[in-house]
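Engineer: any chance you could fold what I've pasted below:
(chains A and B)
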Number of protein chains: 2
Amino acid sequence: MNPNRQFVREAALFMREHDRFLVLSHINPDGDATGSALGVVLMLEQLGKQYVVVNEGETPEKFAFLPRFDQLRNLRKQPLEEKFGAVIAVDCADESRMGDVRSLFDSGVRLLNIDHHPTNDGFGDVNLIRTDAAATAEILFDVAEELGVSFTEELALCIYTGLLTDTGGFRYSNTSPRVMEIAARLLSYGVKPGEVAERCLEEITFAHVKILRRALQTLELSHQNLIASITVSVDDFLETQAEREDAGGLVNYCRNIEGVEVGVSFVESEPGVVKVSMRARDRVDVSLVAKQMGGGGHAKAAGCTIRGSLSEVKQKVSLVLEEAVGVKSDE
Amino acid sequence: MNPNRQFVREAALFMREHDRFLVLSHINPDGDATGSALGVVLMLEQLGKQYVVVNEGETPEKFAFLPRFDQLRNLRKQPLEEKFGAVIAVDCADESRMGDVRSLFDSGVRLLNIDHHPTNDGFGDVNLIRTDAAATAEILFDVAEELGVSFTEELALCIYTGLLTDTGGFRYSNTSPRVMEIAARLLSYGVKPGEVAERCLEEITFAHVKILRRALQTLELSHQNLIASITVSVDDFLETQAEREDAGGLVNYCRNIEGVEVGVSFVESEPGVVKVSMRARDRVDVSLVAKQMGGGGHAKAAGCTIRGSLSEVKQKVSLVLEEAVGVKSDE
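Structural biologist: Below you'll find the model as predicted:
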């Protein structure tokens, strides 16, 4: 038998042989973590099982369109006395990603670990880890088929949300033919692709608009227009009352400008601490650039955190990028 | 036989029985028009046929990544003396959409019309019109299968580009299971989804950034935050040296703000003429709103053009929207 199939069977067996489950995903949950956790919940319901679904902290309100979102318990705000003997952890690359939810484990706990991260060390008693999967939700599709549960529109929506968000709207290189085939199946079960994308990928806060319009004033091209950068200071946050997460995605405005090879955002998260995010098009491997400055990432998306004033950090990064693109900074 | 299959066969026969073709799409070509025209060209090459591929005007440079883009002739800049007896028109809803390219038709011309627009009146001698297709490229996929040509990475890229752009990145409601199934096949032939999305959907001009940062200064919420609007004046165009098309997509910033039901952009295209674009979330049918002001569109995307100063037009639209959302304007 295909070993993948064997692991899927063991996961299905785990869900059949226990009666009451703790279902969890990782701290700071994203669309795949939340969609997968709630997808598991819907499968357990169909199997007639009991469950509690928790996260150490809060799940972003933008996922409130997902079924059973109201069941998702924020452990910090709603502590639990109960201990659990059967746990299903989804999308957690290692134990620490589960956060304080581990305090709810019974001493003899049995844990099913379903994940797609290459760094997953198999911390479960039963491990279903497929590093070729674009999302944990992709693996859950197979679990649902193995269990023979019905692909209701709600279940399809949870799985689709995981696929959509972990592939960046079917744009990252992990968007495999298999991802698209599964998406086709999920659409046939009634998922509305526009509505999911609207909630997960398009919605912005008004605070984001406010920080964006200030940041765009700073957008500048340099290095013969090969580099575009954008800057957000601590004052910008104070004056717009925006949170740090409202400044997400600014670097994309830089990278998306025609002719630009590297986009860079400088976000002063606290006085004297600057988060540098870089996005590359074709010619530069920004993970190497980030590494030189003590950070890391992928060839097309990387970053680092540097101590110093905004102008010091910009100066430093500019010099490193000068070498990477082979063109002098224009200053 | 399935009538669809019959039409696909007739289109394939048309391509087999002639030797030299004029291939064209519509004026102001988009991703589906361009991807489909070049997809037809690649099929003709495989069949050993000769062709000239033209457009009345210029094809946007952002599609330069498509194979045979350099073969695309801009008729205005490169007039042609030759007349053609066999024409393949793709993505043209009616004859007028072909523009001046019609001047190249021989008196006894035979025309193959491949399109997906519901309003197509069947102006060809052979018509392959499938209004259930999300894109003309979706129909071409079937033509390629019928012809038995090889799905090279280049051909797959052309078809994928049409699918991606006409579904808004697999987000519009025309994103059917069939679209995703075909996309899965095309990815398996080597298409890189991220690169195509980057070229077709993400790339922006620096002029767009300049107009965006001015426009965002005008972004305001009204009608108890249910409506967000943004304004671009003729002066904004003059001072940023941006073209009209650089102001595209501004309305989405409004609609995407959490809690907003209708986003509106007011773009003064010339002094005293304002283009109003509206995007709705759930509660309002903006096609009805646009219709009241002499425009039209779809429930979630509509618009109209109104004569008057920016402030007059904004006042007028505000009142109509007041009724549509059932909430008084805050002014």
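
Engineer: any stretches of the stretch 151-300 of chain A with poor pLDDT?
Structural biologist: By pLDDT under 70, the stretch 151-300 of chain A contains no weakly predicted segment.

Engineer: just the strands in it please.
Structural biologist: A:220-222, A:227-232, A:262-270, A:273-280, A:296-297 (DSSP state E, counting those that start in this stretch).

Engineer: what's the most buried one of those?
Structural biologist: strand A:227-232 (a mean of 25; mean count of other Cβ atoms under 10 Å in any protein chain shown). The C-beta positions use only the backbone N, C-alpha and C, and glycine is treated the same way.

Engineer: and the angle for it with strand A:262-270?
Structural biologist: 20 degrees (axes from the mean of the first three to the mean of the last three Cα atoms, to 10 degrees).

Engineer: domain map for chain A?
Structural biologist: A:3-202, A:206-325 (automatic domain parsing).

Engineer: the ones you listed: which one's closest to residue B:287?
Structural biologist: domain A:3-202 (16.1 Å; Cβ to Cβ).

Engineer: tell me which residue in the stretch 1-150 of chain A sits closest to chain B.
Structural biologist: Per Cβ to the nearest Cβ, the residue of the stretch 1-150 of chain A with the smallest distance to chain B is residue A:62, at 7.5 Å.

Engineer: nearest to chain B, out of the strands of the stretch 151-300 of chain A?
Structural biologist: Once the strands of the stretch 151-300 of chain A are compared by Cβ to the nearest Cβ, strand A:220-222 is nearest, at 6.8 Å.

Engineer: ok, the closest one: who's next to it in the sheet?
Structural biologist: Note on strand A:220-222: by DSSP bridges, its sheet partners are strand A:227-232 (antiparallel).

Engineer: and residue A:311, how many neighbours?
Structural biologist: A total of 11 residues lie near residue A:311 under the criterion other Cβ atoms under 10 Å in any protein chain shown.

Engineer: would you mind measuring from it to residue A:214?
Structural biologist: Plainly put, residue A:311 is 17 Å away from residue A:214 if you go by Cβ to Cβ, to the nearest Å.

Engineer: pretty sure residue A:317 contacts residue A:293?
Structural biologist: Yes. Between residue A:317 and residue A:293 a contact is recorded at 7.0 Å, counting by Cβ atoms under 8 Å.

Engineer: pretty sure residue A:91 is touching residue A:24, no?
Structural biologist: No. Contact criterion Cβ under 8 Å: residue A:91 and residue A:24 do not qualify, at 9.6 Å.

Engineer: residues that sit against both of these two, list them.
Structural biologist: Jointly contacting residue A:91 and residue A:24 under the rule Cβ atoms under 8 Å, 6 or more residues apart in numbering or on different chains are residue A:37.

Engineer: sorry, back to before: got the domains of chain A as CSV, with distance to residue B:114 columns?
Structural biologist: CSV is the format used below for those (distance: least, Cβ to Cβ, whole Å):
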stretch, distance to residue B:114
domain A:3-202, 23
domain A:206-325, 31
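
Engineer: before we move on, the earlier item: export the strands of the stretch 151-300 of chain A to a markdown table and tack on distance to residue B:277?
Structural biologist: Converted to a markdown table, the strands of the stretch 151-300 of chain A look like this (distance: least, Cβ to Cβ, whole Å):
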| stretch | distance to residue B:277 |
| --- | --- |
| strand A:220-222 | 29 |
| strand A:227-232 | 26 |
| strand A:262-270 | 27 |
| strand A:273-280 | 29 |
| strand A:296-297 | 37 |
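
Engineer: select, out of those, the one closest to residue A:190.
Structural biologist: That would be strand A:273-280 among those, by Cβ to Cβ, at 35.0 Å.

Engineer: and the helices in the stretch 1-150 of chain A?
Structural biologist: Using DSSP state H, counting those that start in this stretch, the helices found in the stretch 1-150 of chain A span residues A:3-17, A:31-46, A:136-147.

Engineer: quick one: is the second one near chain B?
Structural biologist: No. Using Cβ under 8 Å from any Cβ of the partner chain as the criterion, no contacts between helix A:31-46 and chain B are found, and the smallest distance is 14.9 Å.

Engineer: distance of residue A:149 relative to residue A:90?
Structural biologist: 16 Å.

Engineer: ok, those two, which is more surrounded?
Structural biologist: Between residue A:149 and residue A:90, residue A:90 has the larger neighbour count (other Cβ under 10 Å), namely 29 against 18.

Engineer: touching, that one and residue A:136? I think so.
Structural biologist: Yes. Counting by Cβ under 8 Å, residue A:90 touches residue A:136, with 5.1 Å between them.

Engineer: hey, what's in contact with both of the two?
Structural biologist: Going by Cβ under 8 Å, 6+ apart, residues that sit against residue A:90 and also against residue A:136 are A:33, A:36, A:114, A:115.

Engineer: bridging residues for the third one?
Structural biologist: Partner residues in beta bridges with residue A:114, using DSSP bridges, are residue A:90, residue A:128.

Engineer: and residue A:158, how many neighbours?
Structural biologist: When neighbours are counted by other Cβ under 10 Å, residue A:158 comes out with 29.

Engineer: quick one: contacts for the closest residue to it other than its chain neighbours?
Structural biologist: Setting aside the residues directly before and after it, residue A:158 is nearest to residue A:39 in space (Cβ to Cβ, 6 or more residues apart in numbering or on different chains), at 3.6 Å. Residue A:39 makes contact with A:137, A:140, A:144, A:155, A:158, A:159, A:162 under the criterion Cβ under 8 Å, 6+ apart.

Engineer: from those, pick the one nearest residue A:77.
Structural biologist: Checking the contacts of residue A:39 one by one against residue A:77 (Cβ to Cβ), the nearest turns out to be residue A:158, at 23.1 Å.

Engineer: what's the distance between that closest one and residue A:82?
Structural biologist: Counting by Cβ to Cβ, the gap from residue A:158 to residue A:82 is 24 Å.

Engineer: then residue A:169?
Structural biologist: 38 Å.

Engineer: residue A:281 now?
Structural biologist: Residue A:281 is 51 Å from residue A:82, by Cβ to Cβ.

Engineer: can you pick out the residue with more neighbours from these two?
Structural biologist: Using other Cβ under 10 Å as the criterion, residue A:281 and residue A:82 rank with residue A:281 on top: 19 against 9.
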